[in-house]
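Trainee: my questions are about this predicted structure, shown below with the sequence.
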Protein chains: 2
Amino acid sequence: MKNATIRDVAKAADVSVATVSRVLNSSEAVTESTRTRVEAAAASLDYVPHSAARSLSTRRTDTIGVILPDLHGEFFSELIRGIDVATRTRGLHLLLSHSHGDPVEAATVLRAMRSRVDAMVVMSLYADEEVLSAALGGSTPLVMLGGGASGGHPRFAIDNHAGAFAMTEHLVAAGHGRIAFIAGPAGNMEAAQRLAGYRDALAAHGQTGEQVVEGDFGEESGRLAAAALLAGSMPDAIFAANDMMAIGCLQALREAGIRVPDDIALAGFDDIPIARFVDPPLTTVGVPIAELGRQAVECCVGILATGEPGTSRTFTPELVVRASTGGAVSARPKGRNSRGEVT
Amino acid sequence: MKNATIRDVAKAADVSVATVSRVLNSSEAVTESTRTRVEAAAASLDYVPHSAARSLSTRRTDTIGVILPDLHGEFFSELIRGIDVATRTRGLHLLLSHSHGDPVEAATVLRAMRSRVDAMVVMSLYADEEVLSAALGGSTPLVMLGGGASGGHPRFAIDNHAGAFAMTEHLVAAGHGRIAFIAGPAGNMEAAQRLAGYRDALAAHGQTGEQVVEGDFGEESGRLAAAALLAGSMPDAIFAANDMMAIGCLQALREAGIRVPDDIALAGFDDIPIARFVDPPLTTVGVPIAELGRQAVECCVGILATGEPGTSRTFTPELVVRASTGGAVSARPKGRNSRGEVT
DNA sequence: ACGCGTCATGTAACCGTTTACATAAGACGG
DNA sequence: CCGTCTTATGTAAACGGTTACATGACGCGT
C-alpha cells in the first residue's frame, strides 16, 4: 500500500495541492470550510507528509545532529536525555551517533550527517574544532559541548579547572596532607583542565607533593590506579578526574581492606547518578549534565532562528560533599539509625 | 556559501549529472578517467549529496528510527549503545526519541518519525502493538523490543518469566523461606512476566506466602518498598523486579542498619553495569541488553533487504550470582584479604 | 454599473537527486 | 565499408513537497 501524497489529498478534498499545503502548514488564510474538508481528507487517507520532499523544498530538516565521543555509561545517558528533552520540546528530531572519541572518525561521522541536519551538537574532547568545522562545510551551525580550546563556535562547557580546584581545596581544608590525583586520558581537554585545577589548588595552598596517576576515565583504570597508589606510599586522599574512575578505585580499595573515608578520602567528578548509590556515597563535583545538553540544543535553535552566531556558556560546577570524604553523613552499613543519621 | 550540488560537480568535471551520480553510487560502468575527474571535482567542491533529494528519489532514508520508553539510566544507555553499533556498522543513521512510557505519546512520536525512517525499532512496555502498527501506516517495517504479547511484528525480548523463575529458585535453594518481591509498574508487560515467574517458582517449590510490594522500576520506589517491607515482618530475601529498585532498596536497608546479605538477601533483574559496583555487588538476572538492541537493528536490515517479515527472538537470561545473596564472594569492606578472597 | 482592492484558491516552477531511455562512439565480423 | 552489438555518456522525467505569482470571485464606494 503506497503512502498517500499531497496530490491524493488534494484530489480527495477537491482542492489544489497548494491549498492542502497551506492547511497543513497553517500558513495563509484558508476558508474554514475548505480547511475542514482538507483535514478530513488527510485524516481519512492517513496522510503523512513526505519529509524528504519537504526538506528538499524548504531546505530544512527539523533535525539536530548529535555526535558524542561515546554512548557508554551514565554521563552520556544523562546528556542524551537533556538533548532529547530539548529537541522534543522544539519539535525537532534527534540524529545520534558517536565517534569512539576519535577525532578523525568524528569528522567522518559529521560529514555523513551534514546534509541530514539543520545544526550539529558535537562533544569533542580534543582540540579538533577546526577539523570538525571544515568537515561540516561551513553552512551548518555547530555547537560544541564540553571543555576545550574554543574556536569560533559557541561552546557549552563546565569550568573543569574551577571544579577541580574547589574539590582539591575541600580536601586540603579537610586536613588531608597528601592528595593523589587520578588523571584522565592524555590529550583530553577536560582531563587536562581538571588536572590543572588540582595542581593549581595544591600550589595555592603551598602543597608541594603532587601525585598523579594515569587513567582513561574508565572504571577499570580507576581500579588500576588504586593498585598503583597502594603499591607506593599511601596518600591521605584520592581525587579521581571522573566518577567512574573513582568508583573503580573505591572497589579496589575495598578489596584491599582499606576503609573509605576512614583510612583514605575519595572524590570524583561529574556527579553521575550512580555516585549517590555507591557505598560510601561519593563526594564529587556536580555538573548539570542534562542541562548542558539542553542548552546546547537551545543554542542551535537560536542560531537557526536568528542567524546570529550564538554565545558560549561555561557552567560553574558545584561541590557535592558526601560521605566518601567524610564530609557528610557516613554511609557505612552499621553505625547509623533508621533515619540515616550518624550515630 | 551555498553548498555545491550535483550540477556544479557535473559542470566542473565537464560531464552530465547522470555520470556524476553513477560515480557517486558506483553503480554502472564509468571510464576510469572520467571517474577520477568526477571524484576530483567533487572533492574540490567539497560536495556532499543532499540526502533529502536522494531520499525523495530513492524512497530510502538509510535511517532507523528508535523509540524507547525512557532514556534515563543505564539500561537504556546500554540499549542505545547496542543499537548505535549496529546502525553504524550497516551505514545507517539513528533517529532517536522517547515516549515517556506513554502509549499514546509513543504513537504520536511514531507518526512524526514515520516518513523519516526506513524501519522502526520500538520498545513498548504495554500491549499496544496494534496501535503503534496503525500509527505507522503499514508500509514501514516495525520491530518490537522487550516483553509483551506479540502481534504480527518480530519482537526481540528476554524471557522474563524464566529469569524471574530462576532467580526465585536460586533464593529458595539458598534456604530463604520468605521471599518478598518488589514488582514493576502495573500494566508493564515485562513487570507482569517477572511477577508471574516469581509466583510460579514459589508455587513450584511449595512455598505459599508470597509477599509482593508495588514499585515502578525507579530507584526511589525500591527505597519505598524497602520501607514498606521493614514496617511489616521482615522477609528473608527480597527480589526486586529490576536492578534500579534493588539498588534503592539496598540503600534503604543499609540506612536502616540491616546488613545484606547477612540479615537479608537481595536480588535484582537486568544486570545493568552498576550492579557490579554497588556494595555488596548485586545478584541479578543477566540480560544481554546491548545485544538485544543490536539484533533488533539487524532484523530491520534483514527485512529491508529481503522483504520478508523477520523473525522474533527470545533471549534466555542467565543468573548472575554475586554477593548480595551471599552466593558469591562477599564484598564487605572488612574481612577480606587483598586478593578479594573471603577470609 | 463600474473599477478596484481583498482574499481564497489554482498553476506551475523549483528544490537536488536517481534512473529509464536515448544516443553516440567504437569494435568487430562479414 | 557497413550493419550490429557493446558500452560510456547524456537527456529528461520522475520523486513529493513549497511558494511566487496568476486568477477569479466578491464586496464596496462612487
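Mentor: Done, it's in. Please read all numbers here as calculations on a predicted model, not as lab measurements.
Trainee: tell me which element the residue in the stretch 1-150 of chain A that DNA strand C sits nearest to is part of?
Mentor: Residue nearest to DNA strand C within the stretch 1-150 of chain A (C-beta to the nearest atom of the strand): residue A:29, separated by 2.5 Å. Just so you know, the C-beta spots here come from the backbone N, C-alpha and C atoms, and that holds for glycine as well. Using DSSP states H and E, residue A:29 falls within no helix or strand.
Trainee: tally of neighbours for it?
Mentor: 6 (other C-beta atoms under 10 Å in any protein chain shown).
Trainee: what distance do you get for it to chain B?
Mentor: Distance from residue A:29 to chain B, counting by C-beta to the nearest C-beta, to the nearest Å: 26 Å.
Trainee: tell me the buried residues in stretch A:204-213?
Mentor: Neighbour counts over stretch A:204-213 (16 or more other C-beta atoms under 10 Å in any protein chain shown) mark A:207, A:213 as buried.
Trainee: may I have the distance across it, first residue to last?
Mentor: 21 Å (C-alpha to C-alpha, to the nearest Å).
Trainee: residue A:235 reaches residue A:229, doesn't it?
Mentor: Yes. The criterion here is C-beta atoms under 8 Å, and residue A:235 meets it with residue A:229 at 6.3 Å.
Trainee: what touches both of these two?
Mentor: A:180, A:211 (C-beta atoms under 8 Å, 6 or more residues apart in numbering or on different chains).
Trainee: distance of the residue of the stretch 201-343 of chain A found nearest DNA strand D relative to residue A:61?
Mentor: In the stretch 201-343 of chain A, the residue that lies nearest DNA strand D is residue A:304 (14.4 Å; C-beta to the nearest atom of the strand). For residue A:304, the distance to residue A:61 equals 11 Å [C-beta to C-beta, to the nearest Å].
Trainee: quick check: neighbours shared by those two?
Mentor: residue A:118.
Trainee: the more surrounded of the two?
Mentor: Taking other C-beta under 10 Å, residue A:304 and residue A:61 do not tie; residue A:61 has more neighbours (23 against 18).
Trainee: who's the closest spatial neighbour of that one, skipping the chain neighbours?
Mentor: Leaving out its chain neighbours, the residue that sits closest to residue A:61 by C-beta to C-beta, 6 or more residues apart in numbering or on different chains is residue A:55, at 4.9 Å.
Trainee: for residue A:51, same thing?
Mentor: In space, residue A:51 is closest to residue B:115, 4.4 Å off (C-beta to C-beta, 6+ apart).
Trainee: please enumerate the strands of the stretch 101-250 of chain A.
Mentor: A:119-123, A:142-145, A:155-158, A:179-182, A:211-213, A:237-240 (DSSP state E, counting those that start in this stretch).
Trainee: most neighbours per residue, which of those strands?
Mentor: strand A:237-240 (a mean of 31; mean count of other C-beta atoms under 10 Å in any protein chain shown).
Trainee: for it, name the packing helices and strands.
Mentor: Applying 3 or more C-beta pairs under 8 Å, 6 or more residues apart in numbering or on different chains; DSSP states H and E, one finds that strand A:237-240 makes contact with helix A:160-173, strand A:179-182, helix A:219-231, helix A:243-255, strand A:265-267.
Trainee: let's see the third one as CSV, backbone CA atoms only.
Mentor: In other words, helix A:219-231. The C-alpha trace of helix A:219-231 is given here as CSV (Å, rounded to 0.1, in the frame of the first residue of the first chain):
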residue,chain,number,x,y,z
GLU,A,219,36.1,2.3,35.7
GLU,A,220,38.9,-0.3,35.2
SER,A,221,41.5,2.4,35.1
GLY,A,222,40.4,3.7,38.4
ARG,A,223,40.9,0.2,39.8
LEU,A,224,44.4,0.0,38.4
ALA,A,225,45.2,3.5,39.6
ALA,A,226,44.3,2.4,43.1
ALA,A,227,46.6,-0.6,42.8
ALA,A,228,49.4,1.7,41.7
LEU,A,229,48.8,4.0,44.6
LEU,A,230,48.7,1.2,47.1
ALA,A,231,52.0,-0.1,45.8
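Trainee: what packs against that helix?
Mentor: Contact here means 3+ C-beta pairs under 8 Å, 6+ apart; on that basis helix A:219-231 packs against strand A:179-182, strand A:211-213, strand A:237-240, helix A:243-255.
Trainee: mind redoing it with 6 Å?
Mentor: helix A:243-255 (3 or more C-beta pairs under 6 Å, 6 or more residues apart in numbering or on different chains; DSSP states H and E).
Trainee: the shortest one now?
Mentor: Based on contacts counted as 3+ C-beta pairs under 6 Å, 6+ apart, the elements that strand A:265-267 packs against are strand A:237-240.
Trainee: residue A:311 - nearest residue in space that isn't next to it in sequence?
Mentor: residue A:154 (5.7 Å).
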